[in-house]
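In: sequence? don't have it. structure:
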């Protein structure tokens, strides 16, 4: 007959084994959900020319960012009209809701329009992420049941604003409510460059 301490030890061992064996499945699910959403975002943003989206397992990084959240970053490539295009991506996966959010991808080596030499503000405190967070909050106020909100990092543009401020503009896609089709939107933030404060935000769908 097993003694009580032995039974408790067996139960604890079984719990540990179950948790350890469940981790790879959770990791696989987070990876699959994130990369599926990134693939769909690339096709929406790049159109029918974006084909054969592939992800590099060796470049994939998963980091816990909360009780149920996992942040995923990595690299991949797809076949575009002019040949193979490399890209980086990031997204967040929530295990409790089995949903992704904050999908961002950027084409590696994509050509950027050079800013005019006269426009040289101090960008030390200017954060595109703060602008996108403000845009997401504005969309959530417009659509209280909003589902996914995705931003195209390569659509970001910076230009002179009024009163010495900086305008950050960009594009993305939003799911107004769970189950609805994603629709494109654009946004514009006015930022105080010295403090990095977003003083105005507007979105257009």
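Out: Yep, that arrived. As the structure is a computational prediction, the values presented were derived from the model and not from experiment.

In: ok, which stretches of this structure are helices?
Out: Along the chain, counting by DSSP state H, helices occupy 4-46, 128-142.

In: Nearest spatial neighbour of residue 148, chain-adjacent residues omitted?
Out: In this structure, residue 148 finds its nearest non-sequential neighbour in residue 175, 4.4 Å apart by Cβ to Cβ, 6 or more residues apart in numbering. Every residue, glycine included, has its C-beta placed from N, CA and C.

In: So the one you found is in contact with residue 147, correct?
Out: Yes - under the criterion of Cβ atoms under 8 Å, residue 175 makes contact with residue 147 at 3.5 Å.

In: what's near enough to touch the closest residue in space to residue 184 that isn't next to it in sequence?
Out: Among residues not flanking residue 184 along the chain, residue 173 sits closest, at 5.4 Å (Cβ to Cβ, 6+ apart). The contact partners of residue 173, taken as Cβ atoms under 8 Å, 6 or more residues apart in numbering, are 41, 44, 45, 148, 149, 150, 182, 183, 184, 185.

In: which one of these is nearest residue 130?
Out: Distance to residue 130 across those (Cβ to Cβ) is lowest for residue 149, with 15.0 Å.

In: what pLDDT does the closest one get?
Out: On pLDDT, residue 149 comes in at 90.

In: my guess is it contacts residue 182, does it?
Out: No - using Cβ under 8 Å, residue 149 makes no contact with residue 182, being 9.3 Å away.

In: Pull up the overlap in contacts between those two.
Out: Here residue 149 and residue 182 have 173, 174, 175 as joint contacts, going by Cβ under 8 Å, 6+ apart.

In: shaky segments in this protein?
Out: 1-25, 109-123 (pLDDT under 70).

In: Tell me how it divides into domains.
Out: Split into domains by automatic domain parsing, the chain comes to 29-111, 115-205.

In: Would you format the shared contacts of residue 149 and residue 182 as TSV with distance to residue 68 included?
Out: TSV is the format used below for those (distance: Cβ to Cβ, whole Å):
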residue	distance to residue 68
173	24
174	23
175	20
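
In: Counting only strands, which of the residues you listed make the cut?
Out: 173, 174 (DSSP state E).

In: Which single one of the shared contacts of residue 149 and residue 182 is nearest to residue 99?
Out: Taking Cβ to Cβ as the measure, residue 99 lies nearest residue 175 of the shared contacts of residue 149 and residue 182, at 10.2 Å.

In: In space, what's closest to residue 159 - neighbours in sequence excluded?
Out: Excluding its sequence neighbours, the residue lying closest to residue 159 (Cβ to Cβ, 6+ apart) is residue 167, at 5.0 Å.

In: list the contacts for that neighbour?
Out: Residue 167 is in contact with 158, 159, 160, 161, 188, 189, 190, 191, counting by Cβ under 8 Å, 6+ apart.

In: Alright, calling it a day.
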